[in-house]
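Undergrad: Give me coordinates for this.
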Amino acid sequence: MADKPFSPDETRRYARHLVLKGMGGAGQQALKRARVLVVGAGGLGSPAIAYLAGAGVGRLGIADHDTVSLSNLHRQIVHSQPGLGKAASAGEFVARLNPHVGIVLHEQRLDAGNAEAVLADYDLVLDGTDNLATRRVVAAAAERLGLPLVSGAVSLFDGQVTVFSPGGPRFAALYPQEADDGDLPGCETTGIIGPLTGVIGALMAMEAIKLITGIGEPLIGRVLTYDGRNGRFSEFSF
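TA: The predicted structure is shown next:
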């Protein structure tokens, strides 16, 4: 099926992409065709959702079973008030930002029983959840379906982002089975600096856009780390 031409509103909205060398109309049409699922509408999911919606992803799925808390609002920028479901709140943000994006809400906890069925409707997955149990479930489902997975993580002042893709290193190569959530500090007890999630979440959106459009070299087999306290990026392979 041929791509539908951009409407006048889309042409103006995406003007800076359409004149961008390497992106252009072909890249923007790839974004329009893309079906992307963001798992977790919290600190990492918020900026990723915002930038993917702004970029013009055709179908944006948002999976989160939680509700917004007041303590979330210093970093979870798509939400404006506590008490709402995170998926629905994020969906309302997307609708206000870009009416050309189709929104699909998954207001449920992803587990081994439902993850594959949810992911099967998408081309690409971003995981911004905060526990290894869910990350393993999402990674396993993405691997079985042959879907690329953009994974971000943050703690205190530090963050990282990588891409798991068919043919590349598996999730277990970076997060071995013996790793446990009990070994990782939670932001409820240790705290987290708000803008850190914006840095890593935006990088996740950048990797997703690269994968969709074929621009550049994705972070497959590489982990990009950010030391927010000292303002340094570094990288290691795995």
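Undergrad: pLDDT score assigned to the closest residue to Ala179 other than its chain neighbours?
TA: Nearest non-adjacent residue to Ala179, counting by Cβ to Cβ, 6 or more residues apart in numbering: Leu132, 6.1 Å away. C-beta here means a position set from N, CA and C on the backbone, and glycine is covered the same way. pLDDT for Leu132: 93.
Undergrad: Okay, Leu132 and Pro218: tell me how far apart.
TA: Note on Leu132: its distance to Pro218, by Cβ to Cβ, to the nearest Å, is 23 Å.
Undergrad: same question, Ala142
TA: Relative to Pro218, Ala142 is positioned 14 Å away (Cβ to Cβ).
Undergrad: and the two? which has more neighbours close in?
TA: Ala142 (27 against 19; other Cβ atoms under 10 Å).
Undergrad: ok now do that one, which residues does it touch?
TA: Going by Cβ atoms under 8 Å, 6 or more residues apart in numbering, Ala142 touches 119, 125, 148-149, 164.
Undergrad: Could you give the backbone dihedrals for it?
TA: phi -60, psi -40 (degrees, to the nearest 10).
Undergrad: Would you map the helices across this structure?
TA: With helices called from DSSP state H, the chain shows them at 8-13, 15-18, 24-33, 45-55, 86-97, 115-119, 132-145, 171-174, 187-190, 194-213.
Undergrad: Which of these has the lowest mean pLDDT?
TA: helix 187-190 (a mean of 74).
Undergrad: now it: how far from the chain's centre is it?
TA: 22 Å (Cα atoms, centre = their mean, to the nearest Å).
Undergrad: Likewise for stretch 5-21?
TA: That offset, for stretch 5-21, works out to 23 Å (Cα atoms, centre = their mean).
Undergrad: Next, the distance between the ends of it.
TA: 19 Å (Cα to Cα, to the nearest Å).
Undergrad: quick revisit: looking at the helices of the chain, which is closest to Arg109?
TA: Closest to Arg109 of the helices of the chain, according to Cβ to Cβ: helix 132-145, at 7.7 Å.
Undergrad: Which positions in the closest one come out as buried?
TA: 132, 134-143, 145 (16 or more other Cβ atoms under 10 Å).
Undergrad: what sits against the residue most central in space within the chain?
TA: When Cα atoms, centre = their mean is applied to the chain, the residue found nearest the centroid is Leu126 (3.6 Å). Leu126 is in contact with 36-39, 45, 48, 149-152, 204-205, 208, counting by Cβ under 8 Å, 6+ apart.
Undergrad: ok, now how distant is Ile77 from Ala208?
TA: Distance, Ile77 to Ala208, using Cβ to Cβ: 17 Å.
Undergrad: Do I have it right that Phe171 meets Arg136?
TA: Yes - counting by Cβ atoms under 8 Å, Phe171 touches Arg136, with 6.9 Å between them.
Undergrad: Quick one: neighbours of the nearest residue to Glu217 once chain neighbours are set aside, just the number.
TA: Distances taken as Cβ to Cβ, 6+ apart place Lys210 nearest to Glu217, at 7.8 Å, with adjacent residues excluded. As a burial measure, Lys210 scores 16 neighbours (other Cβ under 10 Å).
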